[in-house]
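> Predicted coordinates and the sequence they were generated for:
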Amino acid sequence: MLPLTSALGQMTMEKIDLINSLAPLIKEGNIDQAVKNSIKLGKEAKFMIDASFALGVTLEVSDFDPEWPEKCQSYFRALSKEKNAEIEEIIWPVISWLDISEASSGKDKVRMVREYLKQLPPDSLDWKAADVFSFLILRDLDKNKLDNRSTYKALFGLLQTHLLVRYRINPKDNRTRYFLSYSWYYLSQKNPGKTGEFLCKAAEVSPDPGSDDYFYDMYKLDPILRQKGFRRNYYNYLIGKGQKDKALPVLEAITVLEPTDSNLNEFKGLFQQVYPDQKEDFLQYWHKAISSACENLPAVSFTNDKGEEVVLWNQTGKWTFIDVWGTWCRPCVAEIPELQELYSENLKKPDSPLAIVTWVHDDPALMENFMKEKKYTFPVTLIPRSIEKAFHINSFPTKLLITPEGKYLKIPFNADWKQYLMNYIGME
């Protein structure tokens, strides 16, 4: 996973070896050694604990090892006995959830939830694993018909207040948005009379698709991923109620973020149902929708390796596709043949609405040799740090699309980027 790759890049080889040892040790049942290695890692064990092993204890069964959930639980129990301050800071929400879920009486569960409430950080702080395990505790109380207790209401109220505060502090944080959306979705299931109202709220703050910020949390809360698309839930609700006019802007938001062939065809079909006399205006409507969802271009300029000033956008009426890559990046290099093919095809169309450029984060000599060896002909410009910072480029490849109006968006990683590009522009 990308977060782990980033984390490993900051560690010594000794600690990387310790990280890599944990899963095999737990799988073979050598819990004592896994605990010793985790203690040696301290806070640097956080990612593996939060992601792989905390995910393991939430599973009812694992495909690759039926005993994996039980082994992960044994690992956490053994870690807890060590009373190591750095590790305790990481695992306390998991241990609390295990204790509450295993308690046999409602009285004990309620008492433990009261203790859990005392440990939660202030609203303005990142709760880390406490976000997801608070929801899991609420679901356990629900299952045991304890949702009418004051402790249940106190936990839900505190959790949602925390998420609203975090959202106000940073409305672009996808992990916060996922949990806040999930809280509204959760309420929609518990309040049949207000289903539409709560699904609407969930859709409004829904996280961006393709983000890995909430990947493991999503698996913990919803292993079959049914609720990744909060907007789609609300859209389906509106269509079920026959409210196509209200459903159109919801489907518009879905399609702008994920312009697959199926989404775009569905969106076009609904547009033509809502506006039967404006069929010929769909492309104009679609491009306006894209522009409204884009960000303004940062006010920066730079000089390329030839000493020429690079203008990010001018009023040519074209869309500009920018691929940010490097010869050291395997996913980037794997996509380059398709990029070259697109560039060559585009050159054959004198009236094409698309311009293609690339920015490279690389050693100039390596890049030049790579281009010559592969006989690639698309334009290449070395990207300065100021541009990376202005566009928040922190992963590779990154693909940007600048609209004819001078706004831009990022095409998500792991998406069918060429399909997205063609559908944004409206090219065949």
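Sure, I can see it.
> low-scoring stretches of the protein, by residue?
1-11, 224-228, 279, 304-305, 310-311, 428 (pLDDT under 70).
> Domain map for it?
2-203, 243-293, 302-425 (automatic domain parsing).
> Those domains: which one's closest to Tyr219?
Of all the domains of the chain, it is domain 2-203 that lies closest to Tyr219, at 5.7 Å by CB to CB. Using the backbone N, CA and C atoms, a C-beta is placed for each residue, glycine as well.
> Could you give me the buried positions within stretch 331-339?
332, 335-336, 339 (16 or more other CB atoms under 10 Å).
> how far does that stretch sit from the chain's center?
23 Å (CA atoms, centre = their mean, to the nearest Å).
> Go ahead and confirm Ser134 touches Gly157.
No - using CB atoms under 8 Å, Ser134 is not in contact with Gly157; the gap is 11.2 Å.
> quick one: which of the two has more around it?
Ser134 (27 against 10; other CB atoms under 10 Å).
> about what we covered before: next, format the buried residues of stretch 331-339 as TSV and append secondary structure and distance to Tyr182.
Output for the buried residues of stretch 331-339, formatted as TSV (DSSP: H, G, I helix; E, B strand; the rest coil; distance: CB to CB, whole Å):
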residue	secondary structure	distance to Tyr182
Cys332	helix	33
Glu335	helix	33
Ile336	helix	38
Leu339	helix	37
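> Name the nearest of those residues relative to Asn84.
For the buried residues of stretch 331-339, the nearest to Asn84 is Cys332 (40.4 Å; CB to CB).
> show me what contacts that closest one?
Contacts for Cys332 (CB atoms under 8 Å, 6 or more residues apart in numbering) come out as 325-326, 396-397.
> for the closest residue to it other than its chain neighbours, phi and psi?
Using CB to CB, 6 or more residues apart in numbering and skipping the chain neighbours, the partner closest in space to Cys332 is Trp325 (3.6 Å). Taking degrees, to the nearest 10, you get phi -150, psi -180 for the backbone angles of Trp325.
> Kindly state the beta-bridge partners for Trp325.
Val360 (DSSP bridges).
> That one and Phe370 touch, don't they?
No - taking contacts as CB under 8 Å, Trp325 lies outside contact range of Phe370: 10.2 Å.
> Output the buried residues of stretch 331-339 in TSV; the columns should cover distance to Glu345.
As requested, those are arranged in TSV below (distance: CB to CB, whole Å):
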residue	distance to Glu345
Cys332	20
Glu335	15
Ile336	15
Leu339	11
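> Out of these, which is nearest to Pro384?
Using CB to CB, the buried residues of stretch 331-339 come closest to Pro384 at Cys332, 18.3 Å.
> gap between that closest one and Thr398?
As judged by CB to CB, to the nearest Å, Cys332 and Thr398 stand 9 Å apart.
> got it, and Phe378?
Distance of Phe378 to Thr398, given as CB to CB: 16 Å.
> Name the residue in those two with the higher neighbour count.
Taking neighbours as other CB under 10 Å, Phe378 and Thr398 compare with Thr398 leading, 21 against 18.
> Isn't that one up against Phe321?
No - with contact defined as CB under 8 Å, Thr398 does not count as touching Phe321 (11.8 Å).
> would you list the domains of the chain in CSV and tack on distance to Asp217?
Output for these, formatted as CSV (distance: least, CB to CB, whole Å):
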stretch, distance to Asp217
domain 2-203, 5
domain 243-293, 19
domain 302-425, 18
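> Out of these, the one nearest Met218 is which?
domain 2-203 (6.6 Å).
> CA atoms of stretch 276-288 as CSV?
Taking C-alpha atoms only, stretch 276-288 is exported to CSV below (Å, rounded to 0.1, in the frame of the first residue of the first chain):
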residue,chain,number,x,y,z
PRO,A,276,-36.2,16.5,-22.9
ASP,A,277,-36.0,19.7,-25.0
GLN,A,278,-32.3,20.3,-24.5
LYS,A,279,-30.7,17.1,-25.8
GLU,A,280,-28.3,19.0,-28.0
ASP,A,281,-27.0,21.0,-25.0
PHE,A,282,-25.7,18.1,-22.9
LEU,A,283,-22.0,18.6,-23.7
GLN,A,284,-22.2,22.3,-22.7
TYR,A,285,-24.0,21.3,-19.5
TRP,A,286,-21.4,18.6,-18.8
HIS,A,287,-18.4,20.9,-19.3
LYS,A,288,-20.0,23.5,-17.0
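> From the chain's centroid, how far away is that stretch?
The answer for stretch 276-288 is 31 Å, by CA atoms, centre = their mean.
> which parts of the helix or strand encompassing Leu163 are buried?
Using DSSP states H and E, Leu163 falls within helix 150-169. Buried residues in helix 150-169, counting neighbours by 16+ other CB under 10 Å, are found at 151-152, 155-156, 159-160, 162-163, 166-167.
> ok, now stretch 58-74?
Neighbour-count burial for stretch 58-74 [16+ other CB under 10 Å]: 58, 68-69, 71-74.
> Helices - which of those residues land there?
Of these, the ones assigned to helices by DSSP state H are 58, 68-69, 71-74.
> so which strand or helix has Leu117?
Judged by DSSP H and E, Leu117 forms part of helix 106-119.
> what's that helix packed up against?
Secondary-structure packing of helix 106-119 (3 or more CB pairs under 8 Å, 6 or more residues apart in numbering; DSSP states H and E): helix 85-102, helix 130-143, helix 150-169.
> As CSV, the ones you listed with distance to Asn30 would be great.
Listed next are the helices and strands packed on helix 106-119 as CSV, based on distance: least, CB to CB, whole Å:
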stretch, distance to Asn30
helix 85-102, 18
helix 130-143, 26
helix 150-169, 36
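> Quick one, which of the ones you listed gets closest to Arg177.
The nearest among these, by CB to CB, is helix 150-169 at 6.8 Å.
> what's the helix or strand following that closest one packed up against?
Downstream of helix 150-169, the next assigned helix or strand under DSSP H and E is helix 174-190. The elements that helix 174-190 packs onto, with contact taken as 3+ CB pairs under 8 Å, 6+ apart, are helix 130-143, helix 150-169, helix 195-204, helix 215-221, helix 230-240.
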